[in-house]
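> here you go, sequence then predicted model.
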Amino acid sequence: MTTTEKKRIDRQTMCNRLAMEFEDGWVANLGVGMPTLCSNYEYADKDIVFQSENGLIGYGPLAAKGEEHPNLVNAGVQYVTMKPGASILHHADSFTVIRGGYVDVTVLGAYEVAENGDFANWKTLGRKGGGIGGAMDLAVGAKRVWLALEHTTRDGHPRLLNRCKLPVTAVNVVSRVVTDLGLFDITPDGFLLREIAPGFTPEEVQELTEAKLTISPDLKEFYGA
Amino acid sequence: MTTTEKKRIDRQTMCNRLAMEFEDGWVANLGVGMPTLCSNYEYADKDIVFQSENGLIGYGPLAAKGEEHPNLVNAGVQYVTMKPGASILHHADSFTVIRGGYVDVTVLGAYEVAENGDFANWKTLGRKGGGIGGAMDLAVGAKRVWLALEHTTRDGHPRLLNRCKLPVTAVNVVSRVVTDLGLFDITPDGFLLREIAPGFTPEEVQELTEAKLTISPDLKEFYGA
Amino acid sequence: MKNKVLSTFDEAVADIPDGASIMVGGFGPPGLPQNLLAALIRQGATDLTIITNRGDQTNAKANTGHLVELRRVKKVCCAFSASPHPSQRNLFEELNESGELEAELMPQGTLVERMRAAAAGIGAFYTRASVGTELAEHKETRVIDGKEYVLEYPLPADYAFIRAHTSDTYGNLQYELTQRNFNPIMAMAAKCTLVEIEGDIVELGGMDPNQVHTPGIFVDRVVKIPPPPEGLWTLPSDRRA
Amino acid sequence: MKNKVLSTFDEAVADIPDGASIMVGGFGPPGLPQNLLAALIRQGATDLTIITNRGDQTNAKANTGHLVELRRVKKVCCAFSASPHPSQRNLFEELNESGELEAELMPQGTLVERMRAAAAGIGAFYTRASVGTELAEHKETRVIDGKEYVLEYPLPADYAFIRAHTSDTYGNLQYELTQRNFNPIMAMAAKCTLVEIEGDIVELGGMDPNQVHTPGIFVDRVVKIPPPPEGLWTLPSDRRA
């Protein structure tokens, strides 16, 4: 690695990196917030079918201002458009899609992820309630659970952990993680660092990570950064 | 009772007798065979919604010959018509109607019925297989399970029993029975003979019945016979 | 077939007693029964159990959150019992924390599947959602085919409040796009289903039997939403404003 | 979205291996995938498990009964494993009695609910249907809320053969009237769903998203039924003759 200027990955680039791994024909579910940026990626000749918890299959870009349909929102309650071939299910059938294994990939946000594939995204410390939405169903039902999250908290605490400290959303399900410092797979040996943010060394990333990282022998600079 | 000529009730009159107890607005499911005759009854100002296992809600009379719709049959695979306001569900939702308690009455055929409300209509002696169809779901799901059956077998054996001899369809569910000899309610005390075929005495009906009959103090001649 | 059309929302909700359990449809504004909720707020029933996707909404005048603000809700079953960020902490959450209100939180798929179980006469079912989480801590689990599942029970209700696009006089319903969401399942799961209609209420026979989303046998009362300001309509522009 | 239209039924069934489990839709003639069954009969796969409403049909050339007659079925899951009357006793029943074929008989509602459980990721469920009958003799039961229930497990399949009225090129489907029956649930429950289409196969965007009965994500292969005699059609007059 050459020593270039340190540059954390921006959110769109993080999501692009996951999006470019989507395969032609996949059904994808994007969590509210950062993961939604995956829908901005230019999939070119790959045909991705976006599905949302409220029963919408085959939605397209956000509706232009003034052209929103009052009865057409995605799971983040954003007014969206439909692609030709779209369809609508009720909520029970929509979660048949989700729990039944018809979702090829879900990209979710998270507070924490552990080296055993556990993650936490529904409840923060000191609060009685939480917000689950469809995350627990997606986490156990989707064929692949990928996360997009900042590598550290605002206070600098690591989010890639040995074990989650917050209440988990699901156990042993995450297979890929993108952060502003790199792209990681979760393997039986834990986090495998595959791509790294420009200017950072694996040691620097390890420093900001609680879990022990395995460094890919094939480590590359973060693609698209 | 005056001594009139003995006259067993014909099937249409048996079914009419149950049909006239249907209340306005009821959702009704009619078993294949004899119970279907309930749909011939003239309900006048009572509005009965007929539902069938294959998801059809609000069907009407049989289609006239040459006017059948190839994709419109009832549970007996008879080509039927639809009333205005009809709708179609898939099979899982149709059994939501059935098990979920939305059927006010089901009229089923049976080989045997017992004084505790058990009945048998899916399997005969000496056969390994049987034909259940929707009967077991209807029997546990409908608000009222009524039976229409001949009082005795062709060999003259009673069908109204202390306990079913054939494998049962459901336990403790039947509340009303019509036979060619009378109309019976099933109460905590067993069969209550309410109406009797013309010319028969309660003793004669008891003779043809295994279970002990209670005779209604208000016993009448079979209405419409 | 019976005519179920009423002329006012006040009539439709008049008999709802204190202590009733009410499912409230909608996912975001689409399918949210604002007019029925507004009528219930006027009607005064209290000690309510509300079953709805988000328990954490308190800003709208015709939302379940307003019933919470009026202290007329004792329990909420939902998939969101706290706002996404602590900075958005609201009264619902405070009442939940203080114990003045009970919030039963569950995965969204479990929420709707429990409703469906109530509708379909299913006594209980096993789902993988929530396995290994604190939500499953006191629940029965079972390993089936090598995977762990949690046992969940039906979630019925006395009433369902839903919103649809078109109805006929018997209550056969059609929803428009994502207005559908929880609404068809709630209609099946509740003892008494009340519907507000955005579009037309047509005569019997005026709806294609192939294209009925919720058959009228699941529907009890239907009211057409009047034009604003009397009728409540949320348009995208309201939300963007 | 991917184009799933094939030109022949023989292509559609070509890869089905011996030992496959196949759901076969239809309730009476409506929705019965006669052309897919005829192609499977030509194709030769054997040792099959068939999941369908009636196991006891052996008179039609393009029905599961013909596969039974050809001794290519090892097991049938169904709601009818014997004809209504002993006088109608047929080969299916004889093979079941002699043990050459296994017939797993269950209530029709349980049959479709087990399929739905497979589709929906439900590990098992409790139903009241069959409680107290010989079908429940070796099954786990549980009393819930004072009522006894039987535990039932999912019923998945490798393939579903179904028939619909209209499709688009992605496999979004519409059924006509009672052609719907088991077909939407089978499409969700099977790994690979094959559909024969009576009417039009339209371009993407040619079907109202509100009125799709089975979304294309559940569908894998679509073939339009050619006119007779090549295509198989059952008309009411055939049945009355």
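Yep, that arrived.

> for the rest of this, base every contact and every neighbour count on C-alpha atoms.
Fine.

> how about residue A:168, secondary structure?
State at residue A:168, reduced to three classes by DSSP: H, G, I helix; E, B strand; the rest coil: coil.

> kindly report the same for residue A:21.
coil.

> tell me how many other residues crowd it.
9 (other CA atoms under 10 Å in any protein chain shown).

> same check on residue A:203?
Applying other CA under 10 Å, I find that residue A:203 has 11 neighbouring residues.

> and it, its phi and psi?
Backbone torsions of residue A:203, given as degrees, to the nearest 10, read phi -60, psi -40.

> any idea how far residue A:209 is from it?
10 Å (CA to CA, to the nearest Å).

> what do you get for residue A:63?
From residue A:63 over to residue A:209 (counting by CA to CA), the distance is 39 Å.

> neighbour count winner among these two?
Neighbours per residue (other CA under 10 Å) separate residue A:63 from residue A:209, with residue A:209 holding more: 19 against 16.

> OK, contacts around the more buried one?
By CA atoms under 8 Å, 6 or more residues apart in numbering or on different chains, residue A:209 lies in contact with A:151, A:152, A:158, A:159, A:160, A:161.

> show me which residues of chain C are close to chain B?
Residues of chain C lying close to chain B (CA under 8 Å from any CA of the partner chain) are C:1-2, C:118-121, C:168, C:170, C:172, C:204-212, C:215, C:217-218.

> wait, residue C:191 sits on residue C:159?
Yes. If you go by CA atoms under 8 Å, residue C:191 and residue C:159 touch, sitting 5.8 Å apart.

> when the two are compared, which one has more neighbours?
residue C:159 (24 against 19).

> out of the contacts of residue A:209, which is most surrounded?
residue A:160 (27 neighbours).

> quick one: contacts for that one?
A:112, A:113, A:114, A:115, A:151, A:152, A:209, A:210, A:211.

> among the residues you listed, which lie within strands?
Taking DSSP state E, the ones among the contacts of residue A:160 that sit in strands are A:112, A:113, A:114.

> those residues also near chain B: which ones?
Of these, not one also sits near chain B (CA under 8 Å from any CA).

> most neighbours among the residues you listed, please name it.
Neighbour max across the ones in strands among the contacts of residue A:160 (other CA under 10 Å) = residue A:113, 32 neighbours.

> that residue: what's it in contact with?
So residue A:113 contacts A:119, A:120, A:159, A:160, A:161, A:163, A:164 (CA under 8 Å, 6+ apart).

> now, which of those residues sits nearest residue A:132?
Lowest distance from residue A:132 to the contacts of residue A:113 (CA to CA) belongs to residue A:120, with 10.3 Å.

> check what pLDDT the nearest residue in space to the closest one that is not next to it in sequence gets.
What sits nearest to residue A:120 in space, not counting adjacent residues and going by CA to CA, 6 or more residues apart in numbering or on different chains, is residue A:168, at 4.2 Å. If you check residue A:168, the pLDDT there is 98.

> my read: residue A:168 touches residue A:118, true?
Yes. When contacts are counted by CA under 8 Å, residue A:168 is listed as touching residue A:118 (6.6 Å).

> look at those two and report which has more neighbours.
Taking neighbours as other CA under 10 Å, residue A:168 and residue A:118 compare with residue A:168 leading, 26 against 23.

> got the contact list for the more buried one?
A:118, A:119, A:120, A:121, A:122, C:132, C:133, C:134.

> from what I can see the fourth one touches residue A:169, true?
It refers to residue A:121. Yes. With contact defined as CA under 8 Å, residue A:121 reaches residue A:169; the gap is 6.2 Å.

> between the two, which one's more packed in?
With neighbours defined as other CA under 10 Å, residue A:121 and residue A:169 compare such that residue A:169 has more, 31 against 22.

> I'd guessed the more buried one sits against residue A:119; true?
Yes. Between residue A:169 and residue A:119 there is a contact at 5.9 Å, judged by CA under 8 Å.

> not counting sequence-adjacent ones, nearest residue to residue C:114?
Nearest to residue C:114 is residue C:154, by CA to CA, 6+ apart, at 4.5 Å.

> that neighbour: how many residues sit nearby?
Neighbour count of residue C:154, defined by other CA under 10 Å: 22.

> which residue comes closest to residue A:134 once chain neighbours are left out?
Nearest one to residue A:134, counting by CA to CA, 6+ apart, is residue C:108 at 5.0 Å.

> quick one, phi/psi of the one you found?
According to degrees, to the nearest 10, residue C:108 has phi -60, psi -40.

> let me see the contact set for residue A:11.
Residue A:11 makes contact with A:34, A:37, A:180, according to CA under 8 Å, 6+ apart.

> tell me the one of those residues nearest chain D?
residue A:37 (20.7 Å; CA to the nearest CA).

> quick one: that closest one from residue A:175, how far?
19 Å.
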